[in-house]
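**Q** What would the 3D arrangement of this be:
(one chain, ligands or ions: 2)
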Amino acid sequence: MSDALIVIDLQKDFCPGGALAVAEGDLIVPGVNALMAEADLVILTQDWHPAGHSSFASSHPGAEVMSLTQMPYGPQVLWPDHCIQGSDGAAFHPDLTVDRADLIIRKGCNPAIDSYSAFFENDHQTATGLEGYLRTRGITRLTMVGLATDFCVNYSAVDAAKLGFAVTVRRDLCRGIDIDGSLAAAEAGMAEAGVTLA
Ligand code: VGL
Ligand code: ZN
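**A** Ligands and ions are numbered 1, 2, ... in the order given. Take a look at the predicted model:
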């Protein structure tokens, strides 16, 4: 067994009605459940921010939601408050077959650094530990699905490819936020990094 399925941030806040809703985010749930049912190893990621997180516009007086700011680790989009630890919005979509998961990895817990990728925080240095988990389990091939294509799926897929995993992103089982062309840029960046877009 050398394949794993990684389901990125399929949480209420990223689905219609949520705090940072991705259009049609909920529509991928049945297809993701079907893929999970067949997969050898299933990993879920969960965006999991403390209240007052530095990626929230509300933590930067006067800053507009979806504006860009400069952080010590680089540019950062300022989001609406979302996926606050223990909140209803941080829960997985109610129809997702969460019981099927072998591992759930939470990210974005450090108040000072955002974490789009399942592998590294946005400083590109602080590891989440997922790489070690996959390597010790003998995993070499990853399929990724989830939300949002242009942020957490993109960063996770590119980091995984850089780490040497063979990565396929199922575009039909992802949905994007798409601010200022971020979706097209993400797809180009993933292809450039050697990610297979299926
Ligand atoms: C995400 C923005 C902020 C994502 C998470 O899951 O793509 N996007 N936090
Ligand atoms: Zn977040």
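**Q** At the geometric centre of this protein, which residue sits there?
**A** Central residue of the chain (CA atoms, centre = their mean): Cys152, 3.1 Å from the mean position.
**Q** Surely it is in a strand?
**A** No: under the criterion used here (DSSP: H, G, I helix; E, B strand; the rest coil), Cys152 is helix, not part of a strand.
**Q** mind starting the numbering at 204 from now?
**A** Renumbered: residue one is now 204, and that last one reads Cys355.
**Q** ok, now which ones touch it?
**A** Contact partners of Cys355, counting by CB atoms under 8 Å, 6 or more residues apart in numbering, are Ile211, Asp212, Thr248, Asp250, Tyr319, Ser320, Ala321, Gly349. (Each C-beta comes from the backbone N, C-alpha and C, glycine too.)
**Q** same question, Arg303
**A** Applying CB under 8 Å, 6+ apart, the residues near Arg303 are Asn236, Met239, Ala240, Val245.
**Q** Tell me the one of the residues you listed nearest ligand 2?
**A** Val245 (21.4 Å; CB to the ion).
**Q** number of nearby residues for the closest one?
**A** The tally of other residues near Val245 (other CB atoms under 10 Å) stands at 21.
**Q** And for the one 5 residues further on?
**A** A total of 29 residues lie near Asp250 under the criterion other CB under 10 Å.
**Q** can you check Asn236 too?
**A** The number of residues packed around Asn236, counting by other CB under 10 Å, is 17.
**Q** Give me the subset of the contacts of Arg303 that lies in helices.
**A** Among the contacts of Arg303, DSSP state H puts Asn236, Met239, Ala240 in helices.
**Q** Is Gly335 in a helix, a strand, or coil?
**A** Reduced to three states with three-state DSSP, the structure at Gly335 is helix.
**Q** can you list the residues of the chain near ligand 2?
**A** Asp250, Gly311 (CB under 5 Å from the ion).
**Q** can we see that at 6 Å?
**A** Asp250, His252, Ser258, His285, Cys286, Gly311 (CB under 6 Å from the ion).
**Q** tell me which residues form a beta bridge with the closest residue to ligand 2 within the chain?
**A** Relative to ligand 2, the nearest point of the chain is Asp250 (4.2 Å; CB to the ion). Note on Asp250: beta-bridge partners Lys310, judged by DSSP bridges.
**Q** Send me the lengthiest strand in the chain as CSV with only the CA atoms.
**A** Using DSSP state E, we find that the single longest strand of the chain is strand 369-378. The C-alpha coordinates for strand 369-378 follow below in CSV (Å, rounded to 0.1, in the frame of the first residue of the first chain):
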residue,chain,number,x,y,z
ALA,A,369,3.6,11.8,-6.8
VAL,A,370,0.6,14.1,-6.5
THR,A,371,-2.7,14.1,-8.3
VAL,A,372,-5.3,16.8,-7.6
ARG,A,373,-8.8,15.8,-8.6
ARG,A,374,-10.1,19.1,-10.0
ASP,A,375,-13.7,17.8,-10.1
LEU,A,376,-13.5,17.2,-6.3
CYS,A,377,-12.1,20.7,-5.5
ARG,A,378,-13.6,24.2,-5.5
